[in-house]
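Peer 1: this one's sequence-less:
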């Protein structure tokens, strides 16, 4: 994939970040004529489908697609068609929300993703059967998650947006996008780097079985928010414990390889990977907290914690890991701009996560440490570090357009 494709990725991410800053600004400098929900839809769609999806797209193509003129031409054309859908969503969601134009571009994106799944599933270069299983599982989850989107129309028509089924469809899409598609995809990319031959077979299938089972079972947490039944807490609890075990089986051989210096990385990549590890531990810790029923039931009302958890995954784990992979492969130049951009991103992420966490703690314990006005102002100013950092990383993309 040529440098322009990576430039486009970070451009999309920058647009999503600017939409995020705009959302934070509404609590400090109210803007007339701006519909918060519409901008929120634009922010989430561009971040999810314009940045993360296309990041995995180019990395999967670079690693697993045949390097032939026919396949290269196919993926390049599909990339630009997908980018048309992303630009269309960026131009329609902020002004209309869910309406005919935005739904058209969202549907186009889904259809492009189906073409991607079909082509890579049928034609790939993966000789390692374990890696092929992980990659195809990620692709399956991407397809599977979109079933929630297709059921939204019938759900609205038959029961309306206030219906439980409508909310469950949205949560189905989000859960299997994050935990199924993106998480498994990045595990596959790590696996390709660390275990180019194969992992110990018994260890791999223990990890794989626990991971897939946990992804399915932890959807029960979202269900428990809308359907009051104790069994969903227990199902989620089993899923969380299985996921913790799966991560242990995956990370232990990775840690041993790193300790034995079988994995060679540059200092900035090591720092980013360490940061990803810390975020992963935090993610697992938060999931374990959901085993406490009072915490699990309170999450739906604690918007700041939900936003913080989404950002923990998107920025702390997926984005940091994606940038680390791009640096390790030489797609990002190791220069002043890249280093400054990464530092700015880390400052913006850590500070805003801390403020969101504090906001949630105040709500949960009904206490006051920092008033809402001061919190909103700090969130806005620290959020500016994110687009500034992305400009730096964008300038660090290696090679000519």
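Peer 2: Received it, and whenever you're ready, just let me know what you need. Computed from a prediction, not measured in an experiment: that's the story for all the values here.

Peer 1: contacts, neighbours, all on C-alpha from now
Peer 2: Will do.

Peer 1: these two touch, right, residue 19 and residue 45?
Peer 2: No: no contact is recorded between residue 19 and residue 45 when judged using C-alpha atoms under 8 Å, the distance being 10.6 Å.

Peer 1: more crowded one of those two?
Peer 2: Taking neighbours as other C-alpha atoms under 10 Å, residue 19 and residue 45 compare with residue 19 leading, 23 against 18.

Peer 1: return the helix or strand in the protein with minimum mean pLDDT.
Peer 2: Of all the helices and strands that make up the chain, helix 293-298 has the lowest average by mean pLDDT, DSSP states H and E, namely a mean of 73.

Peer 1: counting by contacts, list what that helix packs against.
Peer 2: For helix 293-298, the contact count by 3 or more C-alpha pairs under 8 Å, 6 or more residues apart in numbering; DSSP states H and E identifies helix 219-226 as packing neighbours.

Peer 1: list of residues touching the helix it packs on?
Peer 2: Under the contact criterion C-alpha atoms under 8 Å, 6 or more residues apart in numbering, helix 219-226 has outside partners 164, 167-168, 171-172, 175, 232-233, 235-236, 296-297, 300.

Peer 1: where does the prediction get shaky in the stretch 201-350 of the chain?
Peer 2: 259-264, 300 (pLDDT under 70).

Peer 1: still on that earlier bit, how about the least confident helix or strand of the chain: buried residues?
Peer 2: For helix 293-298, the neighbour count (16 or more other C-alpha atoms under 10 Å) marks 296, 297 as buried.

Peer 1: now do the contacts for the residue nearest the centre of the chain.
Peer 2: What sits nearest the mean C-alpha location of the chain, by C-alpha atoms, centre = their mean, is residue 314, with 3.8 Å. The neighbourhood of residue 314, defined by C-alpha under 8 Å, 6+ apart, consists of residue 52.

Peer 1: part of a helix, is it?
Peer 2: Yes: with the criterion set as DSSP: H, G, I helix; E, B strand; the rest coil, the secondary structure at residue 314 is a helix.

Peer 1: how near is it to residue 279?
Peer 2: Taking C-alpha to C-alpha, to the nearest Å as the measure, residue 314 falls 11 Å from residue 279.

Peer 1: do the same with residue 167
Peer 2: Residue 167 is 28 Å from residue 279, by C-alpha to C-alpha.

Peer 1: next: residue 184.
Peer 2: Between residue 184 and residue 279 the distance, using C-alpha to C-alpha, works out to 16 Å.

Peer 1: just the helices in the stretch 51-200 of the chain please.
Peer 2: Remark: helices assigned in the stretch 51-200 of the chain by DSSP state H, counting those that start in this stretch are 53-64, 69-96, 100-122, 129-145, 147-150, 152-159, 164-175, 183-194.

Peer 1: redo those helices as JSON lines? Include mean neighbour count and mean pLDDT.
Peer 2: Shown next, in JSON lines, are the helices of the stretch 51-200 of the chain (neighbours: other C-alpha atoms under 10 Å; pLDDT from 0 to 100):
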{"stretch": "helix 53-64", "mean neighbour count": "19", "mean pLDDT": "96"}
{"stretch": "helix 69-96", "mean neighbour count": "18", "mean pLDDT": "96"}
{"stretch": "helix 100-122", "mean neighbour count": "17", "mean pLDDT": "96"}
{"stretch": "helix 129-145", "mean neighbour count": "20", "mean pLDDT": "96"}
{"stretch": "helix 147-150", "mean neighbour count": "16", "mean pLDDT": "92"}
{"stretch": "helix 152-159", "mean neighbour count": "13", "mean pLDDT": "76"}
{"stretch": "helix 164-175", "mean neighbour count": "20", "mean pLDDT": "91"}
{"stretch": "helix 183-194", "mean neighbour count": "20", "mean pLDDT": "93"}
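
Peer 1: and of these, who's closest to residue 240?
Peer 2: Taking C-alpha to C-alpha as the criterion, helix 164-175 is the member of the helices of the stretch 51-200 of the chain that comes nearest to residue 240, at 13.7 Å.

Peer 1: quick one: contacts of that closest one?
Peer 2: For helix 164-175, using C-alpha under 8 Å, 6+ apart, the contacting residues are 145-149, 151-152, 155-156, 159-161, 219, 222-223, 226-227.

Peer 1: so residue 275 touches residue 316, yeah?
Peer 2: Yes: Residue 275 lies in contact with residue 316 (C-alpha under 8 Å); the separation is 7.5 Å.

Peer 1: looking at the two, which one has more neighbours?
Peer 2: When neighbours are counted by other C-alpha under 10 Å, residue 275 and residue 316 differ, and residue 316 comes out ahead with 26 against 17.

Peer 1: residue contacts, that one?
Peer 2: If you count contacts by C-alpha under 8 Å, 6+ apart, residue 316 has them with 275, 276, 279, 349.

Peer 1: and the gap between it and residue 374?
Peer 2: In this structure, residue 316 and residue 374 are separated by 24 Å, where distance is defined by C-alpha to C-alpha.

Peer 1: cool, residue 124 as well?
Peer 2: Between residue 124 and residue 374 the distance, using C-alpha to C-alpha, works out to 52 Å.

Peer 1: so between these two, which is more surrounded?
Peer 2: Taking other C-alpha under 10 Å, residue 124 and residue 374 do not tie; residue 124 has more neighbours (17 against 11).

Peer 1: can you report phi and psi for the closest residue to that one other than its chain neighbours?
Peer 2: Closest residue to residue 124 in three dimensions, ignoring its sequence neighbours and counting by C-alpha to C-alpha, 6 or more residues apart in numbering: residue 65, at 4.7 Å. Backbone torsions of residue 65, given as degrees, to the nearest 10, read phi -90, psi 150.
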